[in-house]
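**Q** here are the coordinates; sequence isn't available:
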DNA sequence: TTCAATATGTTGTATAAACGACAAATTTGA
DNA sequence: TCAAATTTGTCGTTTATACAACATATTGAA
């Protein structure tokens, strides 16, 4: 139940690294950011970086996941069903997240970003489905979560591609009757 | 010549503490800020605070000194004489510093702040005098620095009291013919 | 291409920071 | 005014971070 709470130094150092990375990715391309840049900005030793992250791609992955999770506001979904309100708010979280990314320089990593978004969505949908259908078998719920995650992500891609003529709410609501 | 450069953790922790203190002093009165408040904001342990500072007054002193020194831009004075330009820039540094303090909540500590400003000024003037009169004896230069520091500080008090009718440059220039 | 410079990861050892417990002082509010 | 709660300041032990040295990529300019 109560995990052996992590050392505050770890939380602080990770925050310093992640904040520095976000700062730098607002200034230059991801491919031009080095570990040295990050650790200098964060005022930590380069070796300490490797204590917390595999490499710079691992950092990208964890930063994006965390930012996306904040956008998703997962606390809100505790004991929540997969209703219209939840789907709309998830869809808006994704579009907001992608909007915030457009200020950053991650060109050439669109695939990685897409994968991260989809993986996080799958986790969220799986939790929601477990709430709603506690008796159903695990495999069915997992496959459903996969499909929903691809579906919602794809919808966000198409919405942007279509020139954002309608609001994200309106757009996703068009599909909801067929989903639930 | 080359001092055994301080551990980066020390620099980082001091910065975290000082930044947090400045942040908090923009939110509430100095007397209402506790060591716990600061260390929570800075994400460091309370014991670590005492590793770096005697107490909260020591922190106030060091923060103000540092902010003032940044305003004074001491690097600029290296090998500089005590000419009109330098005096004007010192005077403006003080008035700017006091202006930036007015956004913070240090009511009841005006005397402490005044003392800190004067002490820093004394150091700066002493250095300048040493540049200008390397042959003169130490005691004379020290007393002169004391008088100049009180004088300039007093001028800043009177300038503000007079309603700031003239710009700080104009105000201090009135006295310069009698100083150099 | 070549080669110098820079970046990446990895180690063992030294040190700053976290923890938690403590007594003493100060603040609060009943 | 008194008692409870909070804050302050200190100490010994454990742990994360700094350092410096290293071999190995990767980059970039001649």
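**A** Cool, the structure landed. As the structure is a prediction and not an experimental result, all values here were calculated from the model.

**Q** how near is residue A:179 to residue A:156?
**A** 15 Å (Cβ to Cβ, to the nearest Å). C-beta coordinates here come from the backbone N, C-alpha and C atoms, glycine included.

**Q** what about the residue lying farthest from the centre of chain A, which helix or strand?
**A** The C-alpha centroid of chain A is most remote from residue A:135, which lies 28.3 Å away (Cα atoms, centre = their mean). For residue A:135, there is no enclosing helix or strand under DSSP states H and E.

**Q** element containing the closest residue to residue A:26 other than its chain neighbours, please.
**A** Ranked by Cβ to Cβ, 6 or more residues apart in numbering or on different chains and with sequence neighbours excluded, the top spatial neighbour of residue A:26 is residue A:104, at 5.8 Å. Using DSSP H and E, residue A:104 maps to neither a helix nor a strand.

**Q** cool, and residue A:123?
**A** Using DSSP H and E, residue A:123 falls in helix A:110-132.

**Q** which residues touch that helix?
**A** A:57, A:60-61, A:64-65, A:68-69, A:72, A:74, A:77, A:79-82, A:86, A:90, A:94, A:97, A:101, A:106, A:136, A:141-142, A:144-146, A:148-150, A:152-153 (Cβ atoms under 8 Å, 6 or more residues apart in numbering or on different chains).

**Q** sorry, back to before: so which of residue A:179 and residue A:156 has more stuff around it?
**A** Per other Cβ atoms under 10 Å in any protein chain shown, whichever of residue A:179 and residue A:156 has more neighbours is residue A:156, with 23 against 12.

**Q** roughly how far apart are the more buried one and residue A:100?
**A** 13 Å.

**Q** same deal with residue A:62?
**A** 16 Å.

**Q** Looking at these two now, which is surrounded by more residues?
**A** Neighbours per residue (other Cβ under 10 Å) separate residue A:62 from residue A:100, with residue A:62 holding more: 18 against 13.

**Q** Can you give me the pLDDT of the closest residue to residue A:77 other than its chain neighbours?
**A** Leaving aside its chain neighbours, residue A:77 sits nearest to residue A:128 (6.0 Å; criterion: Cβ to Cβ, 6+ apart). You'll see residue A:128 listed with a pLDDT of 91.

**Q** how close does residue A:128 get to residue A:83?
**A** 9 Å.

**Q** between those two, who's got more neighbours?
**A** residue A:128 (22 against 12).

**Q** Could you break chain A into its assigned domains?
**A** A:8-53, A:62-179 (automatic domain parsing).

**Q** any idea which of those domains scores lowest on pLDDT?
**A** domain A:62-179 (a mean of 90).

**Q** anything in that one near DNA strand D?
**A** No. Domain A:62-179 stays clear of DNA strand D (Cβ under 7 Å from any atom of the strand), getting no nearer than 12.0 Å.

**Q** For that domain, what is the distance to the chain centroid?
**A** On the basis of Cα atoms, centre = their mean, to the nearest Å, domain A:62-179 sits 9 Å off its chain's mean C-alpha point.

**Q** That one near DNA strand C anywhere?
**A** No. Using Cβ under 7 Å from any atom of the strand, domain A:62-179 stays clear of DNA strand C, coming no nearer than 14.1 Å.

**Q** Can you give me the distance of residue A:75 to residue A:14?
**A** The value you get for residue A:75 to residue A:14, if Cβ to Cβ is used, is 20 Å.

**Q** Residue A:109 contacts residue A:30, correct?
**A** Yes. Counting by Cβ atoms under 8 Å, residue A:30 is a contact partner of residue A:109 at 5.9 Å.

**Q** Mind listing the shared neighbours of these two?
**A** residue A:60.

**Q** Tell me how many other residues surround residue A:97.
**A** Neighbours around residue A:97, by other Cβ under 10 Å: 21.

**Q** What helix or strand is the spatially most central residue of chain A located in?
**A** Residue closest to the mean C-alpha point of chain A, counted by Cα atoms, centre = their mean, is residue A:68 at 3.0 Å. Here residue A:68, judged by DSSP H and E, is contained in helix A:56-72.

**Q** ok, now residue A:5?
**A** With DSSP H and E as the test, residue A:5 turns up in no helix or strand.

**Q** quick one: it and residue B:100, what's the gap?
**A** With Cβ to Cβ as the criterion, residue A:5 and residue B:100 are 39 Å apart.

**Q** In chain A, mark out all the helices, start to finish.
**A** Secondary structure of chain A (DSSP state H): helices at A:8-25, A:35-42, A:46-52, A:56-72, A:84-101, A:110-132, A:138-161, A:168-173, A:176-179.

**Q** Relative to residue B:167, which of those is closest?
**A** Of all these, helix A:8-25 sits nearest to residue B:167, with 36.7 Å by Cβ to Cβ.

**Q** Pull the number of nearby residues for residue A:36.
**A** 10.

**Q** Surely it is in contact with residue A:47?
**A** No. The criterion here is Cβ under 8 Å, and residue A:36 misses it with residue A:47 at 11.6 Å.
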